[in-house]
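Asks: sequence and predicted structure, then a few things I'm wondering about:
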Amino acid sequence: MSSLQSLFAMQKSYPIFAGYQSGQLRFSNCSSNFNCSNRMKVIDHIRQAKKTLISFEILPPLKGKTINSIYEHLDPLMEFKPSFINVTYHRSEHVFKKKMDGTFDKVEVRKRPGTVGICAAIMNYYHVDAVPHLICGGFNKRETEDALIDLNFIGVDNVLVLRGDAAKNETLFEPEPDGHRYAIDLLKQVVNLNNGIYQEEDIRDGFRTRFSIGVAGYPEKHFEAPNINSDIQYLKAKVDAGAEYIVTQMFFDNKKYFEFVANCRAAGIEIPIIPGLKPITNKRQLTVLPRTFFVDIPDDLSVEIMKCKADVDVEKVGGEWLLQQSRELKESGVPALHYYTLGKPKVIWNVVKDLV
Ligand code: FAD
């Protein structure tokens, strides 16, 4: 990517995030070719696309908030007719709550429940395919099976299969007793269910689900992998086991994505690789994102962000950088641009508006 100086030279005025009222578009701005009987798999969206698709990823709201926060978040973005919307999954964590007598109770809390319900709401209200994230952490195989049956019953045909991160109080990921250690093991369970093979051995000739399975890939390597080649070999194993497409971790330098795709192709991975994209919207993220997601922030970008006085200036710089990244990726013919909206739909809206 060229320096931000040149980006600003070609900068247009920022459209304001206006013209919407929450709920206004909820039933009227659905993609027109969707109804419950022709819901589609992500891989079919990609295969049938004549141009680069747009997709979004959202987080369930914090417990205590209503689903209206999801609608308020998504309503404006529906203008871009996303082909699918991913909904993250958040495992529960243990916290210690102080009791009156000064001792502590260990309590299990799930801060962001609702992934399955939000998927149902997205498909009902917007008529857009929802992709729930499915993780190994916190689930045993039978609970996973029941969750997949729930998803099938509400009409979800897509899952993004992940290991999930270690629990907050653990340094390394530990599976549940009779749970899965790696995403590939969970993926094989989904493939089995697609073939009518259930955990309950006495179910013979069981109903076959039809999940299209995506998996995660890391242009800058997964933090636990000893090197990128090892990481790509394990990614190849997920593909060989039935993954149909890959969604990448965020990256801020397109070169990292292009190199990753080239390495994957050299390793025999032929499936679509969807770039995951996120804008930087505050200065704190310059340290938080590398620490949390193990990604580099290019010098050009970090220097410009450090010059900003307020978050609104950072949003401008981050949004412009994301727009240039998106343009270059689109021109290179990526299957879809997948935006991590993470509470910042306004910035994403500005970027996609200028892109399409
Ligand atoms: P895996 O594919 O299992 O890989 C994990 C590590 O183990 C890698 O280092 C890999 O190289 C190595 N490995 C893989 N297989 C083997 C094997 N057989 N033997 C030895 N080593 C192996 N987390 C959430 O909790 N909820 C979410 O909703 C969520 N959404 C995400 C969406 C995207 C697009 C991405 C990129 C990540 C998301 N994450 C989410 C984070 C993800 O769960 C973590 O990055 C996790 O640490 C790894 O998940 P994975 O599916 O890549 O794991």
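Replies: Thanks, I have it.

Asks: where do the helices sit along the protein?
Replies: Counting by DSSP state H, the segments of the chain that form helices are 4-9, 42-48, 68-74, 115-121, 141-153, 183-194, 228-241, 254-266, 285-293, 299-307, 311-331, 345-355.

Asks: does any bit of stretch 292-304 sit next to the ligand?
Replies: No. Stretch 292-304 lies out of reach of the ligand by Cβ under 6 Å from any ligand atom, never closer than 8.1 Å. No exception for glycine: its C-beta is placed from N, CA and C like everyone else's.

Asks: buried residues, that stretch. List them.
Replies: Residues of stretch 292-304 classed as buried by neighbour count (16 or more other Cβ atoms under 10 Å): 293, 295, 297-298, 300-302, 304.

Asks: now do stretch 334-347
Replies: Neighbour-count burial for stretch 334-347 [16+ other Cβ under 10 Å]: 334-342, 344-347.

Asks: farthest pair in the residues you listed?
Replies: Greatest spatial distance among the buried residues of stretch 334-347 (Cβ to Cβ): Pro335 and Lys346, at 25.7 Å.

Asks: out of the buried residues of stretch 334-347, which are inside strands?
Replies: The strands, defined by DSSP state E, take in 336-340 from the buried residues of stretch 334-347.

Asks: got the residues of this protein near the ligand?
Replies: 88-89, 133, 135, 162-165, 182-184, 216, 222, 224-225, 230-231, 234, 247, 249, 276.

Asks: ok, of the residues you listed, which come out buried?
Replies: Counted by 16+ other Cβ under 10 Å, the residues of the chain next to the ligand give 88-89, 133, 135, 162-164, 183-184, 216, 222, 231, 247, 249, 276 as buried.

Asks: just give me the closest of those to Asn192.
Replies: Using Cβ to Cβ, these come closest to Asn192 at Ile184, 12.6 Å.

Asks: contacts only, for that closest one.
Replies: 234, 237-238, 241 (Cβ atoms under 8 Å, 6 or more residues apart in numbering).

Asks: derive a ChimeraX selection command for the buried subset of those.
Replies: To isolate the buried members of those in ChimeraX, using 16+ other Cβ under 10 Å:
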select :238,241
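
Asks: coming back round to it: and which of the buried residues of stretch 292-304 is nearest to the ligand?
Replies: Phe293 (8.1 Å; Cβ to the nearest ligand atom).

Asks: measure that closest one to Arg112 for me?
Replies: 18 Å (Cβ to Cβ, to the nearest Å).

Asks: likewise for Lys50?
Replies: Separation of Lys50 from Arg112 (Cβ to Cβ) stands at 36 Å.

Asks: neighbour count winner among those two?
Replies: Ranked by neighbour count (other Cβ atoms under 10 Å), Lys50 and Arg112 place Arg112 first, with 18 against 5.

Asks: right, and that one touches Ile58 too?
Replies: No. Contact criterion Cβ atoms under 8 Å: Arg112 and Ile58 do not qualify, at 10.5 Å.

Asks: list the residues that contact both of those two?
Replies: In contact with both Arg112 and Ile58: Thr88, using Cβ under 8 Å, 6+ apart.

Asks: want to throw the buried residues of stretch 292-304 into a markdown table with pLDDT?
Replies: Shown next, in a markdown table, are those (pLDDT from 0 to 100):
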| residue | pLDDT |
| --- | --- |
| Phe293 | 97 |
| Val295 | 98 |
| Ile297 | 98 |
| Pro298 | 98 |
| Asp300 | 98 |
| Leu301 | 98 |
| Ser302 | 98 |
| Glu304 | 98 |
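
Asks: which pair of the residues you listed spans the longest distance?
Replies: Phe293 and Glu304, at 20.2 Å, using Cβ to Cβ across the buried residues of stretch 292-304.

Asks: mind checking pLDDT for Ala266?
Replies: In this model, Ala266 is scored at 98, pLDDT.

Asks: do the same with Cys30
Replies: 39.

Asks: quick check: pLDDT value at whatever residue of the stretch 251-356 of the chain ends up closest to the ligand.
Replies: Taking Cβ to the nearest ligand atom, the ligand has its nearest neighbour within the stretch 251-356 of the chain at Gly276, 5.1 Å off. pLDDT recorded at Gly276 is 98.

Asks: neighbours around the nearest residue to Lys330 once chain neighbours are set aside, how many?
Replies: Of all residues beyond its chain neighbours, the one nearest Lys330 is Thr52 (4.8 Å), with distances taken as Cβ to Cβ, 6 or more residues apart in numbering. The tally of other residues near Thr52 (other Cβ under 10 Å) stands at 20.

Asks: and if you look at the one 3 residues further on?
Replies: When counting by other Cβ under 10 Å, one arrives at 23 neighbours for Ser55.
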